[in-house]
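[1] I'll drop the sequence and a predicted model, then ask my questions.
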Amino acid sequence: MEGTRLQSKLPSVGTTIFTVMSKLAADTGAINLSQGYPDFNCDPALIDAVARHMREGRNQYAPMQGVPALRRAIAEKFAALYGAAYNEDTEVTVTSCGTEAIFDSVAAVVQPGDEVIVFEPCYDSYVPAVELSGGRAVVVSLRYPDYSVPWDEVRAAITPRTRMLIFNSPHNPTATILRESDMKELIRVLEGSDALILSDEVYEHIIFDEARHQSMALYEPLRARSFIVGSFGKTYHATGWKIGYTVAPAALSAEFRKVHQFVTFSTNTPMQYALAEFLSAARGYPELPAFYGRKRDLFLRLIAKSRFTPLPSRGTYFQLLDYSAITDEEDMTFALRLTREHGVASIPTSAFLYNQKAPKVLRFCFAKKDETLEEAASRLVKL
Ligand code: GLN
């Protein structure tokens, strides 16, 4: 455009690492363990339910807040699992995926000059959302290699300008989880502050080794200041459906909906009806810890003789592998070479880092058929 000078609002942002690595995997024919999604289908009964609702004519706009039956099922799930009472009419909103829910939560409350505390490695959509609202991301580094939260640094980072802290547990990309002791610490750290919380809990049902998911909804002092984001894509093996939700106290939900209604207005109608049936019957999610725990263990067994060293994966469908015994290359360099020369695509954690130097680890997604994991492992053990 001659004569106009376009100034990017996100000058340091390129195409997301997930798009880059999935495209490279497709172009090179590599096994794609990069972007997090299953290579197996969702429950055929769920597809049948969507088709039934489409045939029965539920094909027009859903209510802006979400289909009532789905909002009710979400509220009932929070009551059953976390003992938290959310009003289905005023405190639950269905969104067109977790990413939209994250964006809307930030846009609803972050004002120019506000500070938002994020933890690196940090999911790649958080900081751009903050910056588009004129906020400033204050990056606190999780402590490698256990990626624990440095609570003394969090305490020091909180100022009167802190509008929000963004948490994610189970955590992408590190596969760590918040513990009860973290939640107690967080309650203490926030005493006297009116900072809000955005809690990305999209992997809440994928948690291993009998651990209990530490939802912000479990603790009233945290629940009262939290936007909690969930996702049906992860829970129902249907990441392409792009349906998620936010629960938050009524005053926060009201602001959230002001944004949501002008970002997507409402979300896919027949899929909401189908998901409501499954969720209200507690179908699909109770078996996920065993289902994905077995896949994690299979993947680890298959690569046990390789020169990769696994870090503990306590939740999500991701596994970090330390490759320092194989090469000194930077993680992006090695990830590209691993894809092109050895036919396995992964995600470098440098894509999630702002201040810290990337450790020699790559993220592998094990939400794959056993035969996919077997073939990928047979390539990894050769390095
Ligand atoms: N959350 C997915 C992952 O971490 C990717 C989602 C996306 O590509 N936007 O792999």
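    Okay, I see it.

[2] would you map the helices across the stretch 151-300 of the chain?
    With DSSP state H, counting those that start in this stretch as the criterion, the stretch 151-300 of the chain has helices at 151-157, 180-190, 220-223, 232-235, 250-263, 269-280, 288-302.

[3] okay, the ones you listed in CSV with distance to residue 344 next?
    The C-beta positions use only the backbone N, C-alpha and C, and glycine is treated the same way. What follows is the helices of the stretch 151-300 of the chain, written out as CSV (distance: least, C-beta to C-beta, whole Å):
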stretch, distance to residue 344
helix 151-157, 35
helix 180-190, 33
helix 220-223, 39
helix 232-235, 22
helix 250-263, 36
helix 269-280, 32
helix 288-302, 12
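
[4] out of those helices, nearest to the ligand?
    For those, the distance to the ligand is smallest for helix 232-235, at 8.1 Å, taking C-beta to the nearest ligand atom.

[5] what packs against that closest one?
    Based on contacts counted as 3 or more C-beta pairs under 8 Å, 6 or more residues apart in numbering; DSSP states H and E, the elements that helix 232-235 packs against are strand 244-247.

[6] could you dump the strand it packs on to PDB, C-alpha only?
    The C-alpha atoms that make up strand 244-247 are tabulated as PDB, following Å, rounded to 0.1, in the frame of the first residue of the first chain:
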ATOM      1  CA  GLY A 244     -14.300 -24.200  24.900                       C
ATOM      2  CA  TYR A 245     -15.700 -22.100  27.800                       C
ATOM      3  CA  THR A 246     -15.000 -19.700  30.600                       C
ATOM      4  CA  VAL A 247     -16.400 -19.800  34.000                       C
END
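
[7] next, give phi and psi for residue 374.
    With angles defined as degrees, to the nearest 10, residue 374 sits at phi -60, psi -50.

[8] in the chain, where is pLDDT below threshold?
    Across the chain, the ranges flagged by pLDDT under 70 are 1-3.

[9] next to the ligand, which bits of the stretch 1-150 of the chain? Give me the list.
    The interface of the stretch 1-150 of the chain toward the ligand, taken as C-beta under 6 Å from any ligand atom, is made up of 16, 18, 35, 36.

[10] for residue 228, list the residues it contacts.
    Taking C-beta atoms under 8 Å, 6 or more residues apart in numbering as the definition of contact, the neighbours of residue 228 are 199, 201, 215, 216, 217, 246, 247, 248.

[11] from the residues of the stretch 1-150 of the chain next to the ligand, keep the buried residues only.
    Among those, those scoring as buried are 35, 36 (criterion: 16 or more other C-beta atoms under 10 Å).

[12] and the residue of the stretch 101-250 of the chain closest to the ligand?
    Counting by C-beta to the nearest ligand atom, the stretch 101-250 of the chain gets nearest to the ligand through residue 172 (5.0 Å).

[13] surely that residue and residue 124 touch.
    No: taking C-beta atoms under 8 Å as the definition, residue 172 is not a contact partner of residue 124, at 9.6 Å.

[14] in terms of neighbours, single out the busier of the two.
    For residue 172 versus residue 124, the count of surrounding residues by other C-beta atoms under 10 Å is larger for residue 172: 24 against 17.

[15] mind listing what the more buried one touches?
    Contacts for residue 172 (C-beta under 8 Å, 6+ apart) come out as 36, 123, 203, 316, 318.

[16] so which of these is the most crowded?
    residue 316 (29 neighbours).

[17] got a list of what that one touches?
    Residue 316 makes contact with 36, 170, 171, 172, 175, 203, 206, according to C-beta under 8 Å, 6+ apart.

[18] endpoints of stretch 7-21, how far apart?
    This stretch, stretch 7-21, spans 27 Å end to end (C-alpha to C-alpha, to the nearest Å).

[19] I should have written stretch 315-330 there, sorry.
    Using C-alpha to C-alpha, the gap from the first to the last residue of stretch 315-330 comes to 26 Å.

[20] for this protein, just list every one of the strands.
    According to DSSP state E, the chain carries its strands in the segments 31-32, 92-95, 115-120, 136-141, 162-168, 196-200, 226-231, 244-247, 309-310, 318-322, 344-345, 347-348, 361-365.

[21] that older thread, of the helices of the stretch 151-300 of the chain, which is nearest residue 31?
    Using C-beta to C-beta as the criterion, the shortest distance between residue 31 and those is 12.0 Å, found for helix 288-302.

[22] fine by me, we can end here.
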